[in-house]
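>>> what follows is a predicted structure for the sequence shown.
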Amino acid sequence: MTNGAQALIATLAEAGVEVCFGNPGTSEMHFVAALDSVPRMRGVLCLFEGVVTGAADGYARIAGKPAVTLLHLGPGLANGLANLHNARRAHMPIVNVVGEHAGNHKQYDAPLDSEIEALTGWSHSWTRLGSSPAQIGRDAAEAVAAAQATPPRIATLVLPADVSWGEGGIEAAPVEPVPAAAPDSATVAGIAKILRSGEQSVLLIGGPAATERGLVAADRIAAATGARLLMETHPARLTRGAGVPAIDRLGYLAEQATGQLAGAEHVIVAGTRSPVSFFAYPDKPSDLIPAGAQVHRLVEPEADVIAALEALAAEVAADTEARGAAASLPEIPSGPLDVRNWVQVIGALLPENAIISDESNTSGVFLGAATAGSPRHDVLSLTGGAIGQGLPVAVGAAVAAPDRPVIALQSDGSAAYTISALWTMARENLNITTVLINNRAYAILRMELGRVGATEIGPKAGNLLDLSHPDMDFAEIARGFGVSATVATTCEELAEQFRAALAEPGPHLIDARIPSVF
């Protein structure tokens, strides 16, 4: 007979879910055993649940569909919450399967017992508690459909151990997700009228609009109407490079964003939110919209934002072509690495069709300019601000697209959060080149000290922002996890090592050592 776990995995596979990133425990053992009964499902082991959830996020950003995570009870889900937060902000489809104690065991309040539903509420997740082996297949099919709604979201299926091992499991047919709503023609017409009015307008795009179709439509609109065009600060997946419209991102710093939006009478938002400051600062506004400006939403989150942009472009820019970025590579610089020149090495050598998982943070402020004319590529950025995303997202992206080179541009402080992702890269022989930008500091926090008005920095404060006592040797750490690694201190070394890493299959790490700018 079929047990609940077998029915669950077979249903997931039939619904198009082909990869399980997992870190299982005792309550999930029947799920683990059932993987061999469904050859279509690939299992990928990660050593920490934050890598599991981050990898599922990266996979969804490239594959456009969910992976399933396997998490051990409430504590396992808790370990994965930071990267689920990033995935929620990215609007990525993920199906979590979280093990739970058997029903007759719950009454004993065992050491690992917890309130799993409270954690799924924190992550704004669709949640269901599996009730029986006969029903668990249907639960799984509905979880996949819920994850693939518009906008996509996280769906969490809590799997009691007795539902997993119980006989009588029934595989369910896939459930069609609710399709995206069509754009409202009256709203599109109203915004077209604003754009034709001659009043100062900003078109701020994000979400699905950050891929090629959305970028082309948005650039046509801007070119025809004179509207200023901006991209959200941290798009989940941004297509860039030669031939693709190059759109400036809204600045991370509130002062930058305020300058970019200054003078706007209308801010038209498509696929993202009206902009706010990342943090509160003394005597500075949180809302970044200029005083007196009106905010207009092109579509609601449940609607097709790309279709709306294309409809708007047809209305105001019927005879206007998009302006693709010209092919242009920076010269490879020479001398010691610093915050300005390391990105030029990457821009000069970036391969065609690469995927960049970008968590370079303060060290990557010049990356956009250095890669604007590089061969076409996708950039996956830190949507939710919870650091420790870059390496796991690279893992998921590489699993989703084994034929594409994945480049993880990773700051040192963030890398330490989920450094065990390197082990999964080695185990799965993933084609990932990690350039770890090592400035031995939480540089972004040093910068924020002054911005929040905490200007007096004593030895205790400085010590909490310093990563140099002791220094972390990331090349040695990588080798310990099975990843080939080198150290670069000059542009010449980085270029040589980056070329060599791209030319060889499997994972590589370059410990690129630069001085901190803060």
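Yep, it's here. Numbers count the residues shown, from 1 in each chain.
>>> just name the shakiest helix or strand of this protein by mean pLDDT.
Every helix and strand in the chain was compared by mean pLDDT, DSSP states H and E; the lowest is helix 443-451, with a mean of 60.
>>> tell me where the stretch 201-350 of the chain has helices.
In the stretch 201-350 of the chain, the helices defined using DSSP state H, counting those that start in this stretch lie at 212-225, 254-261, 305-316, 342-349.
>>> buried set for the second one?
For helix 254-261, the buried set under the neighbour-count rule, 16 or more other C-beta atoms under 10 Å, comprises 254, 257-258, 260-261. The C-beta positions use only the backbone N, C-alpha and C, and glycine is treated the same way.
>>> could you dump it to CSV, C-alpha only?
Coordinates of each C-alpha in helix 254-261 appear next as CSV, following Å, rounded to 0.1, in the frame of the first residue of the first chain:
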residue,chain,number,x,y,z
ALA,A,254,17.2,57.6,1.8
GLU,A,255,19.3,60.7,0.7
GLN,A,256,20.0,59.1,-2.6
ALA,A,257,16.4,58.1,-3.2
THR,A,258,15.1,61.5,-2.2
GLY,A,259,17.3,63.1,-4.8
GLN,A,260,16.2,60.7,-7.5
LEU,A,261,12.5,61.4,-6.8
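>>> and it, average pLDDT?
The average pLDDT for helix 254-261 rounds to 91.
>>> now the longest one
Model confidence over helix 212-225, given as mean pLDDT, is 98.
>>> what's that helix in contact with?
With contacts defined as C-beta atoms under 8 Å, 6 or more residues apart in numbering, helix 212-225 is touched by 195-196, 201, 203, 205, 208-209, 227-229, 239, 244-245, 247, 270-271, 305-306, 309-310, 312-313, 316-317, 319-323.
>>> just the ones of these in strands?
Among the contacts of helix 212-225, the residues falling in strands (DSSP state E) are 201, 203, 205, 228-229, 239, 270.
>>> would you list the buried entries among those?
201, 203, 205, 228-229, 239, 270.
>>> now the two most distant members of those.
Spanning the widest gap among those are 201 and 239, at 23.7 Å by C-beta to C-beta.
>>> buried subset of the contacts of helix 212-225 as a ChimeraX selection?
Burial among the contacts of helix 212-225 is assessed by 16+ other C-beta under 10 Å; the matching ChimeraX selection reads:
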select :195,201,203,205,208,209,227,228,229,239,244,245,247,270,271,305,306,309,310,312,313,316,317,322
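>>> where do the helices sit along the stretch 1-150 of the chain?
4-14, 29-34, 49-63, 73-79, 81-90, 116-122, 133-147.
>>> do you know which of these lies nearest residue 179?
Ranking those by distance to residue 179, with C-beta to C-beta as the measure, places helix 133-147 first at 11.0 Å.
>>> list the buried ones in the closest one?
Buried residues in helix 133-147 (16+ other C-beta under 10 Å): 133, 135-147.
>>> what's the answer for stretch 31-45, then?
Buried residues in stretch 31-45, counting neighbours by 16+ other C-beta under 10 Å, are found at 31-32, 34-35, 38, 41, 43-45.
>>> of those, closest to residue 359?
residue 44 (20.3 Å).
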